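Student: Got a predicted structure plus its sequence, pasted below:
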Amino acid sequence: MKKIIESIESDGLEKLLGENVLLMCGNYFYTGILIGVNADCVLLRDPEVVYETGAWSDKNYKDSQKMHVPEWYVRIDAIESFGVSK
C-alpha cells in the first residue's frame, strides 16, 4: 500500500498510543485509552465493552459499559479493525 504521509514515527496501533480507541473484534467491541502495544496484545486503560454503537454520528455509544478493572488486555489476533474513538 502506498500512502502519503508526513513525519510519522510509527504506524498502526502504535500510532494511536495515548488515544481513546475503538477496537472492533470478532465477538465484542472495546473502547479505552490505548496505553500499551506488543506483538501479542494491546492494553487499554479505563476499558469499556461496547454492546451497541447506535448511530455513528451520535456523541456517545448507545450501550457502552465500563469494565470492573482499570486496565484490560485484548489480543491483537482478535482485532478486526481499530481507530480513534468517540
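Tutor: Alright, I've got the coordinates.
Student: what is the residue lying closest to residue 28 once chain neighbours are set aside paired to in the beta sheet?
Tutor: Using Cβ to Cβ, 6 or more residues apart in numbering and skipping the chain neighbours, the partner closest in space to residue 28 is residue 49 (5.5 Å). Bear in mind the C-beta positions are built from the backbone N, C-alpha and C, glycine included. On the basis of DSSP bridges, residue 49 is bridged to residue 30, residue 65.
Student: give the contact list for residue 49.
Tutor: 28-30, 64-65, 67 (Cβ atoms under 8 Å, 6 or more residues apart in numbering).
Student: Which of the three states applies to residue 15?
Tutor: helix (DSSP: H, G, I helix; E, B strand; the rest coil).
Student: could you measure it against residue 45, distance?
Tutor: The gap separating residue 15 from residue 45 is 17 Å, by Cβ to Cβ, to the nearest Å.
Student: hmm, back to that, quick one: pLDDT of the residue nearest to residue 28?
Tutor: pLDDT, residue 49: 98.
Student: So it versus residue 23, what's the distance?
Tutor: Residue 49 is 10 Å from residue 23, by Cβ to Cβ.
Student: And residue 36, by the same measure?
Tutor: When residue 36 is compared with residue 23 (using Cβ to Cβ), they lie 13 Å apart.
Student: intersection of neighbour lists for the two?
Tutor: Common neighbours of residue 36 and residue 23 (Cβ under 8 Å, 6+ apart) are residue 42.
Student: more neighbours, the two?
Tutor: Remark: of residue 36 and residue 23, residue 23 carries more neighbours, 25 against 13, as counted by other Cβ atoms under 10 Å.
Student: roughly how far apart are the more buried one and residue 65?
Tutor: Residue 23 is 15 Å from residue 65, by Cβ to Cβ.
Student: mind listing the strands for the chain?
Tutor: All strands of the chain, identified by DSSP state E, fall at 20-25, 29-37, 41-52, 63-66, 71-75, 79-84.
Student: Which of the residues in the third one are classified as buried?
Tutor: Think strand 41-52. 42-44, 47-50 (16 or more other Cβ atoms under 10 Å).
Student: Repeat that for the fifth one.
Tutor: Applying a neighbour-count criterion of 16+ other Cβ under 10 Å, one finds 72, 74 buried in strand 71-75.
Student: Thanks again, I'm all set now.
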